[in-house]
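Visitor: build me a structure from this.
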Amino acid sequence: MSTNPLTSLLGIRTPIIQAPMAGVSTPALAAAVSEAGGLGSLGVGAMNAEGARKVIRETRALTARPFNVNVFCHAPSTANVAVEKAWTDWLAPVFAQYGATPPATLSEIYPSFVVDEAMLQVFVEEKPAVVSFHFGLPSQRAIDALRGAGIKLIASATSLREAEQVAKAGVDAIVAQGIEAGGHRGLFDPAGEDDKLGVLALTRLLVRAFDLPVIAAGGIMDGAGIAAALALGAQAAQLGTAFVPCKETSIDAGYRRALLSDAARRTTFTTAISGREARSLVNRFTELGRSAQAPAIPDYPVTYDAGKALHAAAKAQGEFGYGAQWAGQAAALVRELPAAELMARLEEELQESIAGLRQYESR
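Guide: Okay, here's the model as predicted:
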């Protein structure tokens, strides 16, 4: 496949990027994708600095190819003891069903990269090929430090307004995250207006508005979807849900079963699990969050402290329906394959789709 400016910039062979997926991606997954010619990714937003250093080094031991390391740039949470207690009190009867009690207090279980100087230092020292940002941008000082270390930078945007900030910050590429995407919606300001743009519209808007390479993300599951993104002017496609059932991920048995079942036909947005809007398979936790009796939800990621505890309690009793089963709108198209085999399949499908388009054009 001929190269394009983005694949040349990132040092990859094919325009396929594996989404970071904190809590799901592993060094084995990132390395397998990168070895296959794409850009593998590590989600370290929920780790501390030394945890991130460890997985970066573990990935380097498996591949010499470039890979991406992703962090969260949300506004740090604001403690609200009354809201947090009301939330855990409301969850207490559900915990009791599994012989447990909610945490006595909730905490911000991981810091935002915008205030995590230790994480910035790890990146400057370890120099991963690519660092990407979700939920916003860090300070210009941090961006300059990363660029000074020779690191390429990518940031997600869900609207033209956010993409304008990304372009002004001096990053190397923009991820156009359509509303179809699984996991956390990348809004810079979750309390602000959400244009709810789909990946097709958003990709085309960003391609027309900016000189930066655009990476399409959201509901892309196969080579035909990648071809569609490229036809819109994107220089690569980022796939998350497509890689979740790969053997190299860290998902539990319940998540895997749900994703490979008819449950994958339905996804919904929920804030109940983490405190921030995210697209999930419909499960017990998403349905709980829809209750009209639910109180105000604490800040992200404070809510996640309760969510993870509830999932652990239920899982210990054989119930997996309170997990963060993030999935995009086209989740029913997943294939349970090793990452290298999935990459090969995606490339074959991409080439077949491109050939089909050329055949159509020649008529």
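Visitor: and the residue nearest to Gly150 when sequence neighbours are not counted, what does it touch?
Guide: Spatial nearest neighbour of Gly150, chain neighbours left out: Lys127 (6.2 Å); criterion: CB to CB, 6 or more residues apart in numbering. In short, each C-beta sits where N, CA and C put it, glycine included. By CB atoms under 8 Å, 6 or more residues apart in numbering, Lys127 lies in contact with Ala149, Gly150, Ile151.
Visitor: got phi/psi on Lys127?
Guide: phi 50, psi 60 (degrees, to the nearest 10).
Visitor: how about the strands in the stretch 151-300 of the chain?
Guide: Using DSSP state E, counting those that start in this stretch, the strands of the stretch 151-300 of the chain run over 152-157, 173-177, 183-184, 214-217, 236-239, 267-270, 278-281.
Visitor: make a markdown table from the ones you listed and add mean pLDDT to it.
Guide: Listed next are the strands of the stretch 151-300 of the chain as a markdown table, based on pLDDT from 0 to 100:
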| stretch | mean pLDDT |
| --- | --- |
| strand 152-157 | 98 |
| strand 173-177 | 98 |
| strand 183-184 | 98 |
| strand 214-217 | 98 |
| strand 236-239 | 98 |
| strand 267-270 | 98 |
| strand 278-281 | 98 |
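Visitor: tell me which of the ones you listed lies nearest to Ile354.
Guide: strand 236-239 (13.0 Å; CB to CB).
Visitor: which elements pack onto that closest one?
Guide: In terms of contacts (3 or more CB pairs under 8 Å, 6 or more residues apart in numbering; DSSP states H and E), strand 236-239 is packed against strand 16-18, strand 214-217, helix 223-231.
Visitor: residues contacting the very next helix or strand once past the shortest one, please?
Guide: I take that to be strand 16-18. Scanning forward in sequence from strand 16-18 by DSSP states H and E, the next helix or strand is helix 27-35. Under the criterion CB under 8 Å, 6+ apart, residues 12, 16, 18, 39-42, 55, 58-59, 61-63, 65-68, 243, 246, 248-249, 338-340, 343 lie in contact with helix 27-35.
Visitor: list only buried entries from the residues you listed.
Guide: With burial judged by 16 or more other CB atoms under 10 Å, the buried subset of these is 12, 16, 18, 39-42, 55, 59, 62-63, 65-68, 243, 246, 248-249, 339-340, 343.
Visitor: that older thread, output the helices and strands packed on strand 236-239 in TSV; the columns should cover distance to Lys168.
Guide: Shown next, in TSV, are the helices and strands packed on strand 236-239 (distance: least, CB to CB, whole Å):
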stretch	distance to Lys168
strand 16-18	23
strand 214-217	16
helix 223-231	24
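Visitor: pLDDT of stretch 190-210, averaged?
Guide: Averaging pLDDT along stretch 190-210 gives 97.
Visitor: quick one, the lengthiest helix in the chain and helix 27-35 angle?
Guide: When the chain is parsed with DSSP state H, its longest helix is helix 339-361. On the basis of axes from the mean of the first three to the mean of the last three CA atoms, to 10 degrees, helix 339-361 is oriented at 40 degrees to helix 27-35.
Visitor: which elements pack onto helix 339-361?
Guide: Secondary elements touching helix 339-361 (3+ CB pairs under 8 Å, 6+ apart): strand 16-18, helix 27-35, helix 223-231.
Visitor: next, the buried residues of that helix.
Guide: Quick answer for helix 339-361 (16+ other CB under 10 Å): Ala339, Ala340, Leu342, Met343, Leu346, Glu347, Glu349, Leu350, Ser353, Ile354.
Visitor: one more: stretch 177-192?
Guide: Buried-residue list, stretch 177-192, by 16+ other CB under 10 Å: 177-188, 190.
Visitor: just those now: which is nearest Asp89?
Guide: The closest of the buried residues of stretch 177-192, once distances to Asp89 are taken by CB to CB, is Pro190, at 23.9 Å.
Visitor: so that closest one makes contact with Glu277?
Guide: Yes - the pair Pro190 / Glu277 is scored as a contact, 6.5 Å apart, by CB atoms under 8 Å.
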